[in-house]
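Trainee: coordinates only, sequence not included:
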């Protein structure tokens, strides 16, 4: 037997299947405690209220409540092609597949063709810079409006994930919660 293999005794696979939910929850809870207790992570957890949802994702929610604020902010135009919107989609700028959280600062309005062509891909650098600028310039105002509407949002978390997924060379290597935002004007080290 190789040191790089795992051998399951008879009945173990059945127990894993039977108690999958329990084992998954135990492992996730242990990981949450580990991440929360690392001293370096204390100042980095930011506004993340539910660390479990931040680390492991959550179910997709109905995003229509965000639409009026985004229509007003974007002037009822598509974030990507700037066409006037009739019917629009609330799009996860950082794709759900890369950041499975429904948080307000990550949303933009998109026309159906742009949203469907973007799918689960990262947007072009022009759009990334505009999204970052929007969140830097209007992030506090957006937070206040999201708070008034009791809508989930986390500017710090969204910008941190953006820095790590959009600009990996500017992000310190290591676990996601150790990522730090570095201003775009600062040269890479």
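Mentor: Arrived safely, thanks for sending. All values derive from a computational prediction rather than experimental measurement.
Trainee: drop to CA atoms for contacts and neighbour counts, all remaining ones
Mentor: Noted.
Trainee: Where does the prediction get shaky in this structure?
Mentor: For the chain, the stretches with pLDDT under 70 are 1-2, 44, 46-49, 57-60, 166-189.
Trainee: remind me, longest helix of it?
Mentor: In the chain, with assignment by DSSP state H, the single longest helix is helix 125-148.
Trainee: That one: how far from the chain's middle?
Mentor: Offset of helix 125-148 from its chain centre (C-alpha atoms, centre = their mean, to the nearest Å): 14 Å.
Trainee: contacts for it?
Mentor: Applying C-alpha atoms under 8 Å, 6 or more residues apart in numbering, the contact partners of helix 125-148 are 69, 79, 80, 104, 105, 152, 153, 154, 155, 159, 166.
Trainee: Tell me where the chain has helices.
Mentor: 12-18, 20-37, 51-56, 67-74, 112-118, 125-148, 155-166.
Trainee: and among the ones you listed, the most buried is which?
Mentor: helix 155-166 (a mean of 21; mean count of other C-alpha atoms under 10 Å).
Trainee: coming back round to it: and the helices of the chain as CSV, adding distance to residue 6?
Mentor: Supplementary listing: the helices of the chain in CSV, determined by distance: least, C-alpha to C-alpha, whole Å:
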stretch, distance to residue 6
helix 12-18, 12
helix 20-37, 17
helix 51-56, 25
helix 67-74, 49
helix 112-118, 40
helix 125-148, 43
helix 155-166, 32
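Trainee: closest one to residue 91 among the ones you listed?
Mentor: Counting by C-alpha to C-alpha, residue 91 lies closest to helix 112-118 out of these; the figure is 6.6 Å.
Trainee: So what touches that closest one?
Mentor: Contacts of helix 112-118 (C-alpha under 8 Å, 6+ apart): 80, 81, 87, 88, 89, 91.
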